[in-house]
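Sharing a model that was predicted from the sequence below.
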Amino acid sequence: MQGSRVHFENVTKSFGATVALSDFNLDIAPGEFVTLLGASGSGKSTALNILAGFSDATSGEVFIDDRPLTGVAPEHRNVGMVFQNFALFPHKTVAENVAFPLKMRKVAQAEINTRVKAALDMVQLGDFAARKPAALSGGQRQRVALARAVVFEPPVLLMDECLSALDLKLREELQEEIRRIHREIGTTVLFVTHDQTEALTMSDRIAILAGGEIVQIDAPEALYDRPRTRFVADFIGQSNMFDLANVVDGKASVPDMGIEIPMPDANAVAISLRPERIRVVLGDAPTDKTIFEGTVQDETFYGPVVAQMVRLSSGRLLEVRSQRSGHDRMPHTGEAIKLAFDPADAAPLAD
Amino acid sequence: MRKRLTLIPGIVLIAVMFLIPVGIVFQQGLFDPVFSLDHFERFATRGAYMRIFWNTLQVSAVVALVCLLIGYPIAYFIVRQPPSRRPFLMFLVLVPMWMSILARTYAWMVVLGKEGIINQSLLAVGLIDAPIKMLFTTGAVYVGMVQIMLPILIVTCFSSMTEIDQSLLRAARIMGASPRKAFREVFLPLSAEGAITGTLIVFILSIGFFIVPALIGGRKDVLMANVISNQVSQTNWGFAAALAIVLLVATLAILTVVRTASAKLVHHNEEAH
């Protein structure tokens, strides 16, 4: 199967005075797995509902493979969807649920049987065909919902916070399963979540939404390593952010650390430093790194990782995460330490 | 033990309010003063009583089905409204229930009578030359009973419809169902149980009706409750009790049949294997 290209063009949606989506543009390549990540009210579900046909854009247009969708009813969009609350039909068996999209497309009964069986086998629920949804666990229900959404091989698959109702272990299992199925069937996926880990582990690209706009869209690594705004740096993972001063001639000073770093980006007003990119200096200081000083204020033991809160001379707190390798003695609470980072790891923030 | 003790007030209440009266009815109908089935024989052999009995069941069934046909679409319409507008619409549905059945039935006399609103308007417009006889007809009984029963059916249907997850209908649509197909495949089966329950409640309540037929029905439109009331006023307690027993047994029999049939139709909560 081939996925379709999905394209949002200047889509705006307002409910009365509230703007849910403003001038939303997104281009998804065929077969790509794109996640809309944002807090509730950021507009991610609105975008999904407009693509599904459950609500109309106030202005702008959505395309699937160059076909404009305004005025096309949901049943004619040929889009698969997995809902947050599963939305399985309680009065139908698992097999009847999965057969539903095929039945609506008037597929011959013999072929329906074959395809339903294949879809249920794909989600490892072949033995549950005759059960009612009420007799299944949460994870099994979501698998049925997944089988039902892909059984008619839709070129576009939408997933609306579909794992958030499950507990952590099940969620991780299903994330893995969704990725496998995505690889197998090659459909274009638009996934909506507020869970950043889910977004990072599953997506080809992540679009971070806030206030109805895409703040940044990038591959997971790029998003994590190179956040462009304080909002993104804060939203994805842990981050230490420091204001810059005197950004001139490719250099800038970091007043909180009392140092100067190279800064090629003339528009930068701050930097983001991930806690694991800062090293505690034990023994001789490396010459290729930027060095600054502080006092360990607090530490948290995570097993393979130790997190230390370090108080700088300016009074600012900063988090450092260190792998516990080797036999070096880590400095403890109350001790003065030296910290080092590679200036290339400091992501410049535009605001 | 303490759990059982707390049940006692409830059991006493049901016994006093329900079991003892029903027991007395059975005793009155079956013992006069020794055990005899004379009253039942009288009921079965006199054609008039049997006719009234069947008429009662038939009128009740028609009223229940008419209520279903009118009430289900109304309930569906209200459920489809934005949640903020629903309470007001349900309020409108319930307003008539706050008035006594007697007052509402007398109101129909004003509407349907020879000098009533309908006849007066039709005469004024010139559509008819002489008043149409509407009061004291079988039609008047149906109109009066349906008007009184309709809110009950709407409320029952409405509450079962509000429990249907709206995302199920969206799911049906995105999987290729037209609005009509989504209704037939998802909404109708899921609301059927409430609709059947509402229809049964209307049917059972209709079987006991006597004010409406007595006030606005014709001489032929006598129902079982009217006969029972007559017998009581003539102090034929035994025969009145026997008629009540016949009605009770018939109602239970019909309930059982309809429940069994609908259980086969609506069984989505059952865990199939």
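Cool, got the structure.

burial of A:Gly315, as a residue count?
The local packing count at A:Gly315 equals 7, with neighbours defined by other CB atoms under 10 Å in any protein chain shown. Where C-beta positions appear, they are placed from N, C-alpha and C, glycine not excepted.

nope, A:Ile112 is what I was after
The burial count for A:Ile112: 20, using other CB under 10 Å.

Assign a three-state SS to it, would you?
In three-state terms, and counting by DSSP: H, G, I helix; E, B strand; the rest coil, A:Ile112 is helix.

how near is it to B:Met224?
Separation of A:Ile112 from B:Met224 (CB to CB, to the nearest Å) stands at 52 Å.

repeat for A:Asn246
Looking at A:Asn246 against B:Met224, where the rule is CB to CB, the gap reads 99 Å.

And these two? Which one has more around it.
Comparing A:Asn246 with B:Met224 by other CB under 10 Å, the one with more neighbours is B:Met224, at 26 against 11.

Just the pLDDT at A:Gly211, thanks.
pLDDT recorded at A:Gly211 is 90.

how about it, phi and psi?
The phi and psi torsions at A:Gly211 (degrees, to the nearest 10) take the values phi 60, psi 40.

For the residue nearest to B:Thr138 when sequence neighbours are not counted, which three-state class applies?
Ranked by CB to CB, 6 or more residues apart in numbering or on different chains and with sequence neighbours excluded, the top spatial neighbour of B:Thr138 is B:Asp221, at 5.3 Å. At B:Asp221 the chain is in coil, as set by three-state DSSP.

Show me the helices in chain A, by range?
With DSSP state H, the ranges of helices along chain A come out as A:44-52, A:94-104, A:109-122, A:138-150, A:168-185, A:196-202, A:220-225, A:230-235.

possible to save those helices as CSV with mean pLDDT and distance to A:Asp265?
Formatted as CSV, the helices of chain A follow (pLDDT from 0 to 100; distance: least, CB to CB, whole Å):
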stretch, mean pLDDT, distance to A:Asp265
helix A:44-52, 95, 29
helix A:94-104, 97, 50
helix A:109-122, 95, 47
helix A:138-150, 94, 43
helix A:168-185, 89, 34
helix A:196-202, 92, 24
helix A:220-225, 94, 14
helix A:230-235, 92, 14
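
So A:Glu173 versus B:Leu150, what's the distance?
Computed with CB to CB, the distance linking A:Glu173 and B:Leu150 is 52 Å.

Name the residue in these two with the higher neighbour count.
A direct count of neighbours by other CB under 10 Å for A:Glu173 and B:Leu150 places B:Leu150 higher, at 21 against 14.

quick one: contacts for that one?
Applying CB atoms under 8 Å, 6 or more residues apart in numbering or on different chains to B:Leu150 gives the contacts B:Cys67, B:Ile70, B:Gly71, B:Ile74, B:Val93.

Not counting sequence-adjacent ones, nearest residue to the fourth one?
In other words, B:Ile74. Nearest to B:Ile74 is B:Ile154, by CB to CB, 6+ apart, at 5.4 Å.

Can you find the residue of the stretch 1-150 of chain B that comes nearest to chain A?
Shortest the stretch 1-150 of chain B-to-chain A distance, computed as CB to the nearest CB: residue-wise this is B:Pro82, at 12.1 Å.

got the phi/psi numbers for that residue?
As for B:Pro82, its main-chain torsions (degrees, to the nearest 10) stand at phi -60, psi 140.

now A:Ala130
Dihedral pair for A:Ala130: phi -90, psi 0, per degrees, to the nearest 10.

And for B:Gly218?
According to degrees, to the nearest 10, B:Gly218 has phi -80, psi -180.

Was I right to think it contacts B:Thr138?
Yes - proximity of B:Gly218 to B:Thr138 meets the contact threshold set by CB atoms under 8 Å, at 6.5 Å.

for the residue most central in space within chain B, what are its contacts?
For chain B, the residue lying nearest the average C-alpha position, counting by CA atoms, centre = their mean, turns out to be B:Val202 (1.8 Å). B:Val202 is in contact with B:Val63, B:Ala64, B:Cys67, B:Leu68, B:Met149, B:Ile152, B:Leu153, counting by CB under 8 Å, 6+ apart.

Output the residues you listed as JSON lines; include the columns secondary structure.
Supplementary listing: the contacts of B:Val202 in JSON lines, determined by three-state DSSP:
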{"residue": "B:Val63", "secondary structure": "helix"}
{"residue": "B:Ala64", "secondary structure": "helix"}
{"residue": "B:Cys67", "secondary structure": "helix"}
{"residue": "B:Leu68", "secondary structure": "helix"}
{"residue": "B:Met149", "secondary structure": "helix"}
{"residue": "B:Ile152", "secondary structure": "helix"}
{"residue": "B:Leu153", "secondary structure": "helix"}
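
Reformat the residues you listed as JSON lines; add neighbour count, pLDDT and distance to chain A.
Conversion of the contacts of B:Val202 to JSON lines gives the following (neighbours: other CB atoms under 10 Å in any protein chain shown; pLDDT from 0 to 100; distance: CB to the nearest CB, whole Å):
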{"residue": "B:Val63", "neighbour count": "28", "pLDDT": "97", "distance to chain A": "29"}
{"residue": "B:Ala64", "neighbour count": "25", "pLDDT": "97", "distance to chain A": "24"}
{"residue": "B:Cys67", "neighbour count": "28", "pLDDT": "97", "distance to chain A": "24"}
{"residue": "B:Leu68", "neighbour count": "19", "pLDDT": "97", "distance to chain A": "20"}
{"residue": "B:Met149", "neighbour count": "25", "pLDDT": "95", "distance to chain A": "28"}
{"residue": "B:Ile152", "neighbour count": "18", "pLDDT": "95", "distance to chain A": "25"}
{"residue": "B:Leu153", "neighbour count": "29", "pLDDT": "96", "distance to chain A": "22"}
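
host element of the residue nearest to the centre of chain B?
Assessed by DSSP states H and E, B:Val202 sits inside helix B:188-207.

tally of neighbours for the closest residue to chain B within the stretch 101-250 of chain A?
With CB to the nearest CB as the measure, the residue in the stretch 101-250 of chain A that lies nearest chain B is A:Met104; the distance is 3.4 Å. For A:Met104, the tally of surrounding residues (other CB under 10 Å) stands at 19.

Repeat that for the one 10 residues further on.
Using other CB under 10 Å, A:Thr114 has 12 neighbouring residues.

now the end-to-end length of stretch A:50-57.
The distance separating the two terminal residues of stretch A:50-57, taken as CA to CA, to the nearest Å, comes to 6 Å.

circling back: got a pLDDT number for the closest residue to the residue of the stretch 101-250 of chain A closest to chain B other than its chain neighbours?
Distances taken as CB to CB, 6+ apart put B:Gly176 closest to A:Met104, at 3.4 Å, once the chain neighbours are dropped. At B:Gly176, the predicted lDDT confidence score is 96.

Kindly confirm my reading that B:Gly176 is in a strand.
No - with three-state DSSP as the criterion, B:Gly176 is assigned coil and is not in a strand.

residues contacting it?
A:Glu75, A:Pro101, A:Met104, A:Arg105, A:Phe152.

thinking the fourth one is in contact with A:Glu153, fair?
Looking back up the chat, that one is A:Arg105. No - assessed by CB under 8 Å, A:Arg105 is found out of contact with A:Glu153, at 10.6 Å.

any idea which of the contacts of B:Gly176 has the most stuff around it?
Highest neighbour count within the contacts of B:Gly176: A:Pro101, with 28 neighbours (other CB under 10 Å).
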